[in-house]
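J.: Sequence and predicted structure, then a few things I'm wondering about:
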Amino acid sequence: MIISNDIFYVGVNDHDIDLFEGQYEVENGMAYNSYVIIDDKIAVMDSVDKHFKDEWLDNIDQVLKGRTPDYLIVQHMEPDHSANIVSFVEKYPNVQIVSTAKSFVMMKQFFKNDFEDQRIVVKEKDTLELGKHTLTFIMAPMVHWPEVMVTYDSQDKVLFSADGFGKFGALDVEEDWACEARRYYFGIVGKYGMQVHALLKKAATLDIQTICPLHGPILTDNLDYYLGLYQTWSSYGVESDGVMIAYSSVYGHTKEAVALLAEKLKEAGCVKVAVNDLAREDMAEVVEDAFRYGKIVFATTTYNADIFPCMKEFIHHLTEKNFQKKTVAFIENGSWAPVATKVMKAMMEKCKNLNYLENNVTILSALSDENIEKIGLLAQELMKS
């Protein structure tokens, strides 16, 4: 794949993987991106997953046409991007490795070698001259590891964005960008919104015409769309109008209450009601929805004087990822000592800027006439909030 006259794609598609990072389902596989910049001097941007060493090195060979790379630039040390550093150095023993000081510490941890004799340690706004291409290195700590940097090529106005602007899915599969990029972002980077926001401020000072991430497609058209979504995500803003309901139900009574609330919301003109059964939905998909919408209803049963396990896991995922700036309501169910709302609120104590609604619902075993009326009031309050 040719990105510009001098920049070439040498990454790989992985259709053997079932769980990315051991937890995220990737039905359409995964892409591990790597790039080559050919100038008076040649730079290779990042490595790929260990299972694709030979394919990656062959891709590089095809692009180099007999030339030898001068630099391997390592932007991120996660193994899906760094696993083949040693193999690359073995093939090109005179190459210099360009990365941050923290990256070389991690190389020592991963490979028992920090490449002391062939490393170039860079910091904020350091540059590397390849010829007509000048690369500027921009530090991006905790996006989403502490050693991360991104790289800007002023010649072709390309931002090599490390894990930023990445998505699940191999490059030979057509699918909507935002859906899998959102799930990727909130699953992997979501906790670090402040750090992502800081990186976006730096990026705003650059003339960017192409974004080359380490996962997902190269972005060239309508960059304002992608940058705008990242601004919303990193500031924990509301991306889509509507109400998201997350629930768990043992014998169906809580589910019945949720269905009634969804019906009332639709009757009131709610643009979108996203209902998620926590026991059956992909947890990463539900987490994605929770950050996408501004109004969230948590509905669950009291269970062992606590809450149902899948709801507990769901809230744990949210708080771990800095859940904030949402309007929140609760529906609880319990036959003799309902405490679910109390438990859920306690779990969210550290969340910032949550607006709790008043018309929360307590069900004692099965829906009562009073519950039905309260659900109607909750629907009205959600529409007004």
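T.: Done, it's in. Computed from a predicted model, the values in this text were never measured in an experiment.
J.: residue contacts, Q75?
T.: 45-46, 81, 99, 148-151, 160, 162, 214 (Cβ atoms under 8 Å, 6 or more residues apart in numbering). (Glycine included, C-beta is placed from N, CA and C.)
J.: Tell me where the stretch 1-150 of the chain has helices.
T.: Per DSSP state H, counting those that start in this stretch, the stretch 1-150 of the chain has helices spanning 53-64, 79-82, 85-91, 101-111. These are given in chain order.
J.: contact partners of the last one?
T.: Contacting residues not belonging to helix 101-111 are listed as 74, 77, 79, 82, 85-86, 97, 99, 113-115, 119, 121, 123, 146-147 [Cβ under 8 Å, 6+ apart].
J.: filter the residues you listed to the buried ones?
T.: Neighbour counting by 16 or more other Cβ atoms under 10 Å classes 74, 77, 82, 85-86, 97, 99, 114-115, 119, 146-147 among the contacts of helix 101-111 as buried.
J.: tell me the two of the residues you listed that are most distant?
T.: Across the buried ones among the contacts of helix 101-111, the longest distance by Cβ to Cβ is 21.9 Å; it joins V86 and P146.
J.: about what we covered before: tabulate the helices of the stretch 1-150 of the chain (a markdown table), appending distance to R280.
T.: Below are those laid out as a markdown table (distance: least, Cβ to Cβ, whole Å):
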| stretch | distance to R280 |
| --- | --- |
| helix 53-64 | 37 |
| helix 79-82 | 29 |
| helix 85-91 | 41 |
| helix 101-111 | 38 |
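J.: right, and these - which one's nearest A299?
T.: helix 79-82 (36.9 Å).
J.: Show the average pLDDT along that closest one.
T.: For helix 79-82, mean pLDDT rounds to 96.
J.: where along the stretch 1-150 of the chain do the strands fall?
T.: Here the stretch 1-150 of the chain has its strands, by DSSP state E, counting those that start in this stretch, at 7-9, 12-14, 19-20, 24-25, 30-32, 35-38, 42-45, 71-73, 96-99, 119-121, 127-129, 134-139, 149-153.
J.: Quick check: which of these is nearest to T300?
T.: For the strands of the stretch 1-150 of the chain, the distance to T300 is smallest for strand 24-25, at 23.5 Å, taking Cβ to Cβ.
J.: Centre of the chain to that closest one, how far?
T.: Taking the mean of its C-alpha atoms, strand 24-25 sits 12 Å from the chain's own mean (Cα atoms, centre = their mean, to the nearest Å).
J.: Other residues contacting it?
T.: Applying Cβ under 8 Å, 6+ apart, the contact partners of strand 24-25 are 18-19, 168, 183-184, 187-188, 282, 284.
J.: Narrow these to those in helices?
T.: Among those, the ones falling in helices (DSSP state H) are 183-184, 284.
J.: Now restrict those to buried residues only.
T.: Buried members of the ones in helices among the contacts of strand 24-25, counted by 16+ other Cβ under 10 Å: 183-184, 284.
J.: Distance from the chain centre to the helix or strand containing T232, please.
T.: Following DSSP states H and E, one finds T232 within helix 223-234. Chain-centre distance of helix 223-234: 13 Å, with Cα atoms, centre = their mean.
J.: Could you check how many residues crowd around K167?
T.: 22 (other Cβ atoms under 10 Å).
J.: how close does it sit to Y192?
T.: 17 Å (Cβ to Cβ, to the nearest Å).
J.: How about S235?
T.: Distance, S235 to Y192, by Cβ to Cβ: 12 Å.
J.: Of the strands of the stretch 1-150 of the chain, which is nearest E320?
T.: Of all the strands of the stretch 1-150 of the chain, strand 24-25 comes closest under Cβ to Cβ, at 14.7 Å.
J.: partners of that closest one, with directions?
T.: Paired with strand 24-25 in the same sheet, following DSSP bridges, are strand 19-20 (antiparallel).
J.: now what about the strand it pairs with, what contacts it?
T.: Outside strand 19-20, the residues that touch it by Cβ under 8 Å, 6+ apart are 25-26, 30, 168.
J.: again, 10 Å this time
T.: Here strand 19-20 makes contact (Cβ atoms under 10 Å, 6 or more residues apart in numbering) with 14, 25-26, 29-30, 80, 168-169, 184, 187-188, 215, 284.
J.: which one of S235 and Y192 has more residues nearby?
T.: Neighbours per residue, other Cβ under 10 Å: of S235 and Y192, the larger number sits with Y192, 21 against 14.
J.: residue contacts, the more buried one?
T.: 140-145, 148, 198-199, 234, 321-322.
J.: ok, now how distant is it from N94?
T.: Relative to N94, and taking Cβ to Cβ, Y192 is found at 36 Å.
J.: Next: E288.
T.: 45 Å.
J.: the more surrounded of these two?
T.: Neighbour count, other Cβ under 10 Å: between E288 and N94, E288 has more, with 23 against 9.
J.: So that one sits against K167, correct?
T.: No: the pair E288 / K167 is not scored as a contact, 11.9 Å apart, by Cβ atoms under 10 Å.
J.: Nearest residue to the middle of this structure?
T.: The residue lying closest to the centre of the chain (Cα atoms, centre = their mean) is Y185, at 1.4 Å.
J.: hey, what's in contact with both of E288 and K167?
T.: 179-185.
J.: which one of those is nearest H316?
T.: Nearest to H316 among these: R183, at 17.5 Å, using Cβ to Cβ.
J.: Would you confirm that the closest one contacts G216?
T.: No: R183 lies out of contact with G216 (Cβ under 10 Å); the separation is 11.6 Å.
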